[in-house]
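S.K.: can you look at this prediction? I've put the sequence above it.
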Amino acid sequence: MKAVIIGAGMGGLSAAIALKQLGIEVEVYEQVTENKPVGAAISVWSNGVKCLNHLGLEREVAALGGIVETMSYVEAKTGDTMCRFSMQPLIDEVGQRPYPVARAELQLMLMNAYGLDDIHFGKKMISVSDGSDGATVEFADGTTVTADLVIGADGAKSRTREYVLGGPVTRRYAGYVNFNGLVEIDEAIGPATEWTTYVGDGRRVSVMPVAGGRFYFFFDVPMPEGAPYERGSAREVLAAEFADWAPGVQTLIAALDPSATNRVEILDLDPFHTWVKGRVAVLGDAAHNTTPDIGQGGCSAMEDAVALQYAFRDHPDDVPAALAAYQAARTERAGELVLRARKRCDVTHAKDPEKTAQWYRELRDEDGTNIIRGIVGNIMGGPVT
Ligand code: FAD
């Protein structure tokens, strides 16, 4: 059996590794010409780490991961700690430490695990079609490839999704822009092994450790979609937006490298439950495009990959049955995470200011129990228990 995977992001690569482990012949096609992921880092929560462990990458992901011992919320302007608590109860409950990791390093690790030389770079899919004997992908360079199945792991603007759903969809602007990057750890910003989040005015500024003595940082700034921005001006923009925030935030703004700071408008997509058409299926952001507010988009893509592996393990010679099993295993769980993230996003970014004010009050009384319960709720329910 031969599978073609479109997209060498974390979803496509995890799926490629997962199918290859079953002995399926896998070919990965990626439109970019080199490994240049957008975004600085991601938090791979315990469910994502468990999927990577399942794929045999336990040591590799641990080597890239930052150690988060504690989590805290800090009042935006005064810098006063609203709450601080240990992550250990979470780790004990779910049985796996989460790992914030630099995105490029995660990507490269997955590429190496699959086989870097086996990825066809510079191959942009322009169409996919389906027949009784195979599915065929056409690339912008005029070439085609046919396989028993095609997995569209082609991200949030997926063409495969258009094929599967029979037309384009409209994504929803979530109301804010996320600036992110990496800086050297500086305890003037936050403790070295803490995920620190400054909150106020429906905004947040956050740092968490990744391997190599670095903080992954991000700033959420509510603003209209399509607001003008000059590349490289992150420091000026953030200095103006966060002028009256605490000294730790000012230290971070001074430390960041504006030329390496990403600016991403955050969108998501209403969950949908058709992920398969014939021999073609979507996976990762192509199937469930979420806001990053609970840090589950990439983890969910890794869950898809393991679920796909289980589906082909259980239906080895039957593509329609395997893809149906994959779809049945995933749509509800992934859709629920999208809606959870949307809800969290609205509270964090003051869609209803009273609800956000209530959240800030709750943070001052928090001992970690409620926050950990919420995170555990996101983590549980994946294919690897
Ligand atoms: P992508 O990573 O988008 O990869 C898709 C790949 O397909 C790309 O390489 C692209 O070039 C390629 N491609 C697209 N179209 C074509 C085509 N036509 N032909 C060939 N190739 C094509 N998730 C978490 O789990 N934790 C987090 O902490 C987290 N933080 C985030 C923070 C931000 C600011 C954002 C925006 C997202 C965050 N996410 C997080 C979500 C996560 O980044 C995505 O869910 C994840 O990247 C999805 O992986 P993917 O492989 O499905 O898609």
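M.R.: In hand now; what should we look at? Note that this is a predicted model, so its numbers are computed, not measured. Numbers count the residues shown, from 1 in each chain.
S.K.: may I see the buried residues of the helix ranked longest in the chain?
M.R.: The longest helix of the chain (DSSP state H) is helix 319-348. For helix 319-348, burial by neighbour count (16 or more other C-beta atoms under 10 Å) applies to 319, 322-327, 329-331, 333-338, 340-342, 344-348. To be clear about C-beta, it is placed using only N, CA and C from the backbone, and glycine gets the same treatment.
S.K.: up against the ligand, what does the stretch 151-300 of the chain have?
M.R.: 153-156, 159, 178, 180, 264, 284-285, 292, 295-299 (C-beta under 6 Å from any ligand atom).
S.K.: surely L337 meets D293?
M.R.: No - L337 lies out of contact with D293 (C-beta atoms under 8 Å); the separation is 10.4 Å.
S.K.: and the helix or strand containing Y310, how far out from the chain's middle?
M.R.: Using DSSP states H and E, Y310 maps to helix 297-314. Relative to the mean C-alpha coordinate of its chain, helix 297-314 is positioned 15 Å out (C-alpha atoms, centre = their mean, to the nearest Å).
S.K.: quick one: it to helix 319-348, angle?
M.R.: 160 degrees (axes from the mean of the first three to the mean of the last three C-alpha atoms, to 10 degrees).
S.K.: averaged pLDDT, helix 297-314. What do you get?
M.R.: Taken as a whole, helix 297-314 carries a mean pLDDT of 98.
S.K.: quick check: buried residues in it?
M.R.: 297-312.
S.K.: mind checking pLDDT for the closest residue to T136 other than its chain neighbours?
M.R.: Nearest residue to T136, sequence neighbours excluded (C-beta to C-beta, 6 or more residues apart in numbering): T146, at 4.6 Å. For T146, the pLDDT comes out at 98.
S.K.: and T146, that's in a helix?
M.R.: No - going by DSSP: H, G, I helix; E, B strand; the rest coil, the assignment for T146 is strand, not a helix.
S.K.: for N47, see how far away the spatially most central residue of the chain is.
M.R.: Central residue of the chain (C-alpha atoms, centre = their mean): G298, 3.0 Å from the mean position. Using C-beta to C-beta, to the nearest Å, one gets 11 Å for the distance from G298 to N47.
S.K.: still on that earlier bit, between which two of the buried residues of helix 297-314 is the distance greatest?
M.R.: Farthest apart among these by C-beta to C-beta are G297 and F312. That separation is 23.4 Å.
S.K.: can I get the strand or helix carrying D92 in PDB? Just the C-alpha atoms.
M.R.: Following DSSP H and E, one finds D92 within helix 88-94. This file holds the C-alpha atoms of helix 88-94, laid out as PDB (Å, rounded to 0.1, in the frame of the first residue of the first chain):
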ATOM      1  CA  GLN A  88       3.600  18.300  39.400                       C
ATOM      2  CA  PRO A  89      -0.100  17.500  40.200                       C
ATOM      3  CA  LEU A  90      -0.800  17.700  36.500                       C
ATOM      4  CA  ILE A  91       2.100  15.500  35.600                       C
ATOM      5  CA  ASP A  92       1.100  13.000  38.200                       C
ATOM      6  CA  GLU A  93      -2.500  12.900  37.000                       C
ATOM      7  CA  VAL A  94      -1.800  12.500  33.300                       C
END
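S.K.: packing partners for that helix?
M.R.: Contacting helix 88-94 under the criterion 3 or more C-beta pairs under 8 Å, 6 or more residues apart in numbering; DSSP states H and E are the following elements: helix 46-54, helix 369-379.
S.K.: what mean pLDDT does the helix or strand following that helix have?
M.R.: Downstream of helix 88-94, the first helix or strand assigned by DSSP H and E is strand 99-102. For strand 99-102, mean pLDDT is 98.
S.K.: kindly report the same for stretch 45-55.
M.R.: Computed over stretch 45-55, the average pLDDT equals 98.
S.K.: ok, the residue lying closest to P353 once chain neighbours are set aside - how many residues close by?
M.R.: In space, and not counting its chain neighbours, P353 is closest to G202: 7.1 Å by C-beta to C-beta, 6+ apart. For G202, the count of nearby residues is 21 (other C-beta atoms under 10 Å).
S.K.: A350 is in contact with G202, correct?
M.R.: Yes - at 2.7 Å, G202 counts as touching A350 under the criterion of C-beta under 8 Å.
S.K.: report the set of residues contacting both of the two.
M.R.: Here G202 and A350 share the contacting residues P222, T356, scored by C-beta atoms under 8 Å, 6 or more residues apart in numbering.
S.K.: and D317, how many neighbours?
M.R.: D317, neighbours per other C-beta under 10 Å, totals 9.
S.K.: W275 too?
M.R.: 26.
S.K.: enumerate every residue touching the closest residue to it other than its chain neighbours.
M.R.: Nearest in space to W275, with sequence neighbours left out and distances taken as C-beta to C-beta, 6+ apart, is Q327 at 4.6 Å. Applying C-beta under 8 Å, 6+ apart, we find Q327 in contact with H273, T274, W275, V276, A281.
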